[in-house]
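**Q** coordinates only, sequence not included:
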């Protein structure tokens with residue numbers, strides 16, 4: 001079976017405001033989430049991994065982080081923090097799930113949790129800028145070394161951002177391995193079922209290296 005080379009790409013984000021007023025309390029956050037563009041919802045749930053300013057190992061999305069640190073509401077932060085956006089077929093489904101959590105919390109509180117002045121939630125969205133790296137793979141055996149040499153922007157682009165492109169929901173590595181036929185099935189299956197959302201990009205890179213190395217060596221998970 002013939003297959004095309006795998007060209008390694010890198011990417012970075014250009015971030016801008018989403019033209020919404022900042023939210024200072026939970027009620028305003030709820031209303032802004034209901035009205036925000038899909039690109040903003042995606043940014044605050046998914047693109048945080050690539051944003052240099054994001055560094056919170058406890059909560060994987062901006063809404064949970066803000067609930068914990070600005071609203072000082074650990075209950076809400078925990079509920080928002082367990083949302084995995086990749087389990088929802090559409091961003092609108094994710095929006096509904098997020099609003100449901102906030103509505104439940106609002107019904108439990110007599111006073112809206114409010115942030116201090118200066119700690120408002122600012123809605124952002126981003127454009128992904130993609131660039132070539134000059135690196136390409138010819139064989140699936142090239143994959144462990146290639147992943148080892150990738151920067152975190154490439155890891156994000158090929159394993160996370162790829163899921164927004166056709167074939168929807170599939171990372172680039174798994175899609176490329178389909179060209180090798182049955183011989184690549186064990187590796188492709190390991191990659192396709194990897195639970196990645198709650199990993200940092202550094203943790204994801206290490207997990208990918210171990211996964212492809214073990215699969216190609218015939219070791220079980």
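**A** Nice, I can see it. These numbers were taken from a predicted model, which means no experiment stands behind them.
**Q** Rounded mean pLDDT for stretch 175-191, please.
**A** The pLDDT scores in stretch 175-191 average 89.
**Q** for stretch 50-70, same thing?
**A** For stretch 50-70, mean pLDDT rounds to 85.
**Q** Stretch 116-124 now?
**A** Confidence for stretch 116-124, expressed as mean pLDDT, is 96.
**Q** buried set for that stretch?
**A** For stretch 116-124, burial by neighbour count (16 or more other C-beta atoms under 10 Å) applies to 120-121, 123-124. For every residue, glycine as well, the C-beta is placed using N, CA and C.
**Q** tell me which of these is nearest to residue 148?
**A** residue 124 (31.9 Å; C-beta to C-beta).
**Q** List the contacts of the closest one.
**A** Contacts of residue 124 were listed using C-beta atoms under 8 Å, 6 or more residues apart in numbering, and they are 15-18, 40, 43-44.
**Q** thinking again about what came up before, secondary structure and distance to residue 65 added to the buried residues of stretch 116-124, as CSV?
**A** Below are the buried residues of stretch 116-124 laid out as CSV (DSSP: H, G, I helix; E, B strand; the rest coil; distance: C-beta to C-beta, whole Å):
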residue, secondary structure, distance to residue 65
120, coil, 14
121, strand, 10
123, coil, 14
124, strand, 13
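**Q** Please tabulate those in CSV, including the columns distance to residue 170.
**A** Formatted as CSV, the buried residues of stretch 116-124 follow (distance: C-beta to C-beta, whole Å):
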residue, distance to residue 170
120, 37
121, 32
123, 29
124, 27
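**Q** Quick check: the farthest pair among the residues you listed?
**A** The most widely separated members of the buried residues of stretch 116-124 are 120 and 124, with 12.4 Å between them, by C-beta to C-beta.
**Q** which residues are contacting stretch 79-93?
**A** Contacting residues not belonging to stretch 79-93 are listed as 38, 41-42, 45-46, 58-61, 63-64, 67, 94, 97-98, 101-102, 104-105, 163, 169, 197-198 [C-beta under 8 Å, 6+ apart].
**Q** Which one of the contacts of residue 124 sits in the busiest neighbourhood?
**A** Top of those by neighbour number is residue 44, holding 27 neighbours under the definition other C-beta atoms under 10 Å.
**Q** Following the helix or strand harbouring it in sequence, what is the next regular element?
**A** According to DSSP states H and E, residue 44 maps onto helix 38-45. Counting by DSSP H and E, the next helix or strand C-terminal to helix 38-45 is helix 62-69.
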